[in-house]
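Enquirer: Sequence and predicted structure are below.
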Amino acid sequence: MRREFIFILLIFNSLISQNNPLKQEKNSLLDIPIILSGTYGELRSNHFHSGIDIKTKGVQGLDVYSYASGYVSRIKVSHGGYGKALYIKHPDGTTTVYAHLKKFSTKIEKIVKSKQYKRESYEIEFFPKENEISVLENEIIAFSGNTGGTSGPHLHFEVRDQNQIPINPLTNSSIYIEDNRTPLFKKLFYKSYEKNNVFNSQTELKIKKVTNSLYVSDTLKSSGKIGIGIVAFDKHNRANNSNGIFKITTSLNNQNQLKILFDSISFDKTKHINAFIDYSFFKNHKIRIQKLFIEENNPLDLYSSNINNGFITIENKKNYKYEVNIYDSNGNKSRLVVPILGVKTNEPLKLVDNHAELDYIERDKEYELEFNSARVSILKETFYSNLFLEAKFENDTLSIDKDTIPLLKPITIYFNTDRY
């Protein structure tokens, strides 16, 4: 009876494994331990990172194994971007992506070469039919490389859901990394968001590391509506590079304020990273402040459990305790405690008069700015919010404000060339 029970249990586990290819008990994409140089959701230039970057010891040509069984649904070869990339669709509708490859396995490479010769082009993209190129779990599908837009050899790996939205491989697959190190707080900032004081700059508060997982800041002294931001990152065992955070939560006087989760970010939302960070501060100081509040017209769906969109309102002479918790995908956690004292500040300067010669742009309107020999066309919803914009044409040179303003749509410039 006991043998029959074990046999039935093994069959049952096998069926579960077959029906859920991305939930294997154990899996590895390479023959070496997985050490990351980049994590999912990491803050990159104009986008969140859509996968994980796996170190290959600085070399190319390592065997790359299929994460699970399925079929090759897409192959793309390009000089930039992902370089040589392979897409495998699995029975549950998910897709895994393997990028920056040196070359494909023999059977796949043969098909790719044939397509390239036929089209007389190195750059190529095609979509094999279902089961045209079938692969098994742990089958060698390619060899690691350094093709495309990379700064060194590594394997870029993604997991995409049934709607082709990239999801976090470290929480949605059995890819395991050795990591018991807690995330790190680097900097803390706050900024006034009172209606007549929107031009205030960021103010930094010093933070002190008390233990490996506890930090305390200087007392924040202010009043009115403020938004808080952090600079934080994670580190893994056996690697010293900085990686992204998986989850952030905040609370005020022990009441939950905001939760930010880096677990699913679609390609049409990833560009809105410039609404998540303080873009102007980044352009001026090359530091990405992660805003722990949600401003108007921020379309990201990273947020949940939010009160007042994460903003806090400080009353004069009152004390508060603000906390920030950051987590990595292995559950390691660090906490930052921010004491707050309500202190009435001087009335902010009203800066509207200083913008008398600037153009006030309302987000939901179109604009045509006319100059002697040029015209600037601004579509609706080009910016995240209403703003003052400086545009001028002097000495045959057109200048449009500074590059510290994030754009949602391109601005079109027309020049009159009749005199040339």
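Expert: Received, thanks. Numbering: from 1, shown residues only.
Enquirer: residues contacting residue 212?
Expert: 182, 334 (CB atoms under 8 Å, 6 or more residues apart in numbering). For every residue, glycine as well, the C-beta is placed using N, CA and C.
Enquirer: Kindly recompute the last result at 10 Å.
Expert: Contact analysis of residue 212 by CB atoms under 10 Å, 6 or more residues apart in numbering lists 181-182, 184, 332, 334.
Enquirer: Could you pull up phi and psi at the residue positioned nearest the centre of the chain?
Expert: A centroid search over the chain (CA atoms, centre = their mean) returns residue 48, at 2.0 Å, as the residue closest to the centre. Here the main-chain torsion angles of residue 48 (degrees, to the nearest 10) amount to phi -90, psi 140.
Enquirer: Correct me if wrong: it contacts residue 41.
Expert: Yes. Counting by CB atoms under 10 Å, residue 48 does reach residue 41; the two are 5.1 Å apart.
Enquirer: and for those two, which residues touch both?
Expert: 166, 244, 262, 265, 270, 273, 302.
Enquirer: Quick check, pLDDT for the residue lying closest to the fifth one once chain neighbours are set aside.
Expert: Among residues not flanking residue 270 along the chain, residue 47 sits closest, at 4.3 Å (CB to CB, 6 or more residues apart in numbering). Here the pLDDT value assigned to residue 47 is 96.
Enquirer: Next: the one 5 residues further on.
Expert: Per-residue confidence for residue 52 comes out at a pLDDT of 97.
Enquirer: do the same with residue 2
Expert: So, for residue 2, pLDDT stands at 40.
Enquirer: 20 is where my numbering starts, stick with that
Expert: Sure thing, new numbering starts at 20, so read that last one as residue 21.
Enquirer: now, among the shared contacts of residue 67 and residue 60, which is nearest to residue 145?
Expert: residue 185 (21.5 Å; CB to CB).
Enquirer: Count the residues that sit near the nearest residue to that closest one once chain neighbours are set aside.
Expert: Leaving out its chain neighbours, the residue that sits closest to residue 185 by CB to CB, 6+ apart is residue 69, at 4.0 Å. Counted with other CB atoms under 10 Å, residues neighbouring residue 69 total 24.
Enquirer: do residue 78 as well
Expert: Using other CB under 10 Å, residue 78 has 11 neighbouring residues.
Enquirer: A helix includes residue 136, no?
Expert: Yes. Counting by DSSP: H, G, I helix; E, B strand; the rest coil, residue 136 is part of a helix.
Enquirer: Residue 187: what's it in contact with?
Expert: Residues near residue 187 by CB under 10 Å, 6+ apart: 58-60, 69-71, 177-178, 194, 265, 280-284, 348.
Enquirer: Distance of it relative to residue 246?
Expert: Separation of residue 187 from residue 246 (CB to CB, to the nearest Å) stands at 26 Å.
Enquirer: Helix, strand or coil: sort out residue 132 for me.
Expert: helix.
Enquirer: Count residues in the vicinity of it, would you?
Expert: When neighbours are defined as other CB under 10 Å, residue 132 has 13 of them.
Enquirer: my guess is it meets residue 123, correct?
Expert: Yes. Taking contacts as CB under 10 Å, residue 132 lies within contact range of residue 123: 9.3 Å.
Enquirer: looking at it, residue 65 is touching residue 289, isn't it?
Expert: Yes. Proximity of residue 65 to residue 289 meets the contact threshold set by CB under 10 Å, at 8.2 Å.
Enquirer: Redo the shared contacts of residue 67 and residue 60 as TSV? Include neighbour count, pLDDT and secondary structure.
Expert: Listed next are the shared contacts of residue 67 and residue 60 as TSV, based on neighbours: other CB atoms under 10 Å; pLDDT from 0 to 100; DSSP: H, G, I helix; E, B strand; the rest coil:
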residue	neighbour count	pLDDT	secondary structure
185	23	97	strand
263	23	95	coil
281	23	97	coil
284	24	96	coil
289	17	96	helix
292	23	97	helix
321	20	95	coil
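Enquirer: Can I get those in a markdown table including distance to residue 156?
Expert: Output for the shared contacts of residue 67 and residue 60, formatted as a markdown table (distance: CB to CB, whole Å):
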| residue | distance to residue 156 |
| --- | --- |
| 185 | 21 |
| 263 | 28 |
| 281 | 27 |
| 284 | 27 |
| 289 | 29 |
| 292 | 34 |
| 321 | 32 |
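Enquirer: Looking at the residues you listed, which one is closest to residue 78?
Expert: Nearest to residue 78 among the shared contacts of residue 67 and residue 60, with distances taken as CB to CB, is residue 263, at 25.2 Å.
Enquirer: which residues does the closest one contact?
Expert: Contacts of residue 263 (CB under 10 Å, 6+ apart): 55, 57-63, 67-68, 71, 202, 251-253, 281, 309, 347-348.
Enquirer: So how do I select the buried members of the residues you listed in ChimeraX?
Expert: Burial among those is assessed by 16 or more other CB atoms under 10 Å; the matching ChimeraX selection reads:
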select :55,57,58,59,60,61,62,67,68,71,202,251,252,253,281,309,347,348
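Enquirer: The contacts of residue 263 in helices, which ones?
Expert: Among the contacts of residue 263, none falls in helices (DSSP state H).
Enquirer: Out of the contacts of residue 263, name the ones that lie in strands.
Expert: 55, 57, 62-63, 67, 71, 251-252, 309 (DSSP state E).
Enquirer: With distance to residue 377 added, can I get those in JSON lines?
Expert: Rendered in JSON lines, the data for the ones in strands among the contacts of residue 263 read as follows (distance: CB to CB, whole Å):
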{"residue": "55", "distance to residue 377": "45"}
{"residue": "57", "distance to residue 377": "40"}
{"residue": "62", "distance to residue 377": "31"}
{"residue": "63", "distance to residue 377": "32"}
{"residue": "67", "distance to residue 377": "32"}
{"residue": "71", "distance to residue 377": "44"}
{"residue": "251", "distance to residue 377": "35"}
{"residue": "252", "distance to residue 377": "37"}
{"residue": "309", "distance to residue 377": "30"}
